[in-house]
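Trainee: predicted model follows, preceded by the sequence.
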Amino acid sequence: MDSVPFIGVNRHRINRDGVGVTTLAAFHGCPLSCRYCLNPACKGPVEKLPRYTPESLYERVRIDNLYFLYTGGGICFGGGEPLLRVDFISEFRKICVKEWKLTAETSLAVKREAVKEAAKNIDHFIVDIKDTNPEIYKRYTLRSNRQTMANLRWLLGEVGPERIMVRVPLIPKYNTTADCVRSEALLREMGVTQIDRFSYMERKRQTSK
């Protein structure tokens with residue numbers, strides 16, 4: 001497999017991206033255009049970014065094998081959108097230590113085929129839902145949330161709620177606490193049991209060109 005660009009590989013993250021000690025491996029590339037993008041490098045130029053194959057990434061992260069095994073941690077694939085790179089993740093799963101837990105921080109704004117492939121290899125999904133209201137979601141990301149919501153429903157039925165945590169942010173100037181409450185209620189009706197409510201720190205607004 002050819003190498004792919006990453007915006008960063010961040011070690012020793014404790015209970016931030018799943019259980020135990022994790023390493024965050026963040027891919028370049030994202031289908032959304034969020035107004036307060038936390039990782040704008042994921043849509044920037046790739047010329048100076050590090051590139052890895054599944055094998056070379058494994059060589060980079062295996063130094064923390066004992067931490068992963070002792071704490072029940074492993075690798076969290078983020079970005080950007082990691083499910084744009086499910087082939088990479090599948091190959092990495094084949095070669096990494098089988099006890100490592102693989103997590104994906106995803107918007108689920110990808111084709112169903114990618115979600116199906118990810119479900120075979122990812123132990124835990126952290127889903128950034130933004131907001132379940134279609135109008136709020138579109139204003140904030142510049143695209144429909146129909147695909148995201150349909151993928152979440154499918155994933156809940158396929159892997160079960162115990163493997164899914166959904167993040168519901170309060171986004172300054174885009175939604176309200178009441179909107180977050182409505183999102184949480186809808187998610188629980190869908191069968192979500194793990195929900196993380198939090199607030200974005202307001203940043204300089206991103207403008208599209």
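Mentor: Yep, that arrived. Numbers count the residues shown, from 1 in each chain.

Trainee: is it true that Trp154 lies in a strand?
Mentor: No - assigned with DSSP: H, G, I helix; E, B strand; the rest coil, Trp154 falls outside any strand and is helix.

Trainee: neighbours around it, how many?
Mentor: 15 (other C-beta atoms under 10 Å). C-beta here means a position set from N, CA and C on the backbone, and glycine is covered the same way.

Trainee: what helix or strand is Asp17 on?
Mentor: Using DSSP states H and E, Asp17 is not contained in any helix or strand.

Trainee: now Thr22
Mentor: Going by DSSP H and E, Thr22 is part of strand 21-27.

Trainee: pretty sure Arg13 sits against Ile75.
Mentor: No - proximity of Arg13 to Ile75 does not meet the contact threshold set by C-beta atoms under 8 Å, at 10.4 Å.

Trainee: can you give me the helices in this structure?
Mentor: Assigned by DSSP state H, the chain shows helices spanning 54-61, 65-71, 86-95, 112-121, 134-141, 146-159, 177-190.

Trainee: out of these, nearest to Tyr36?
Mentor: Closest approach to Tyr36 among the helices of the chain is made by helix 134-141 (8.1 Å; C-beta to C-beta).

Trainee: what comes up buried for that closest one?
Mentor: The neighbour-count check on helix 134-141 (16 or more other C-beta atoms under 10 Å) flags 136-137, 140-141 as buried.

Trainee: then stretch 107-124?
Mentor: Neighbour-count burial for stretch 107-124 [16+ other C-beta under 10 Å]: 107-110, 114-115, 117-119, 121-124.

Trainee: equivalent analysis for stretch 123-130, please.
Mentor: Going by neighbour count (16+ other C-beta under 10 Å), the buried part of stretch 123-130 is 123-130.

Trainee: in strands, which of the residues you listed fall?
Mentor: Residues of the buried residues of stretch 123-130 located in strands (DSSP state E): 124-128.

Trainee: ok, the residue nearest to the spatial centre of the chain - contacts?
Mentor: The residue lying closest to the centre of the chain (C-alpha atoms, centre = their mean) is Glu105, at 1.6 Å. Contact analysis of Glu105 by C-beta atoms under 8 Å, 6 or more residues apart in numbering lists 17, 76-79, 82, 126, 128.
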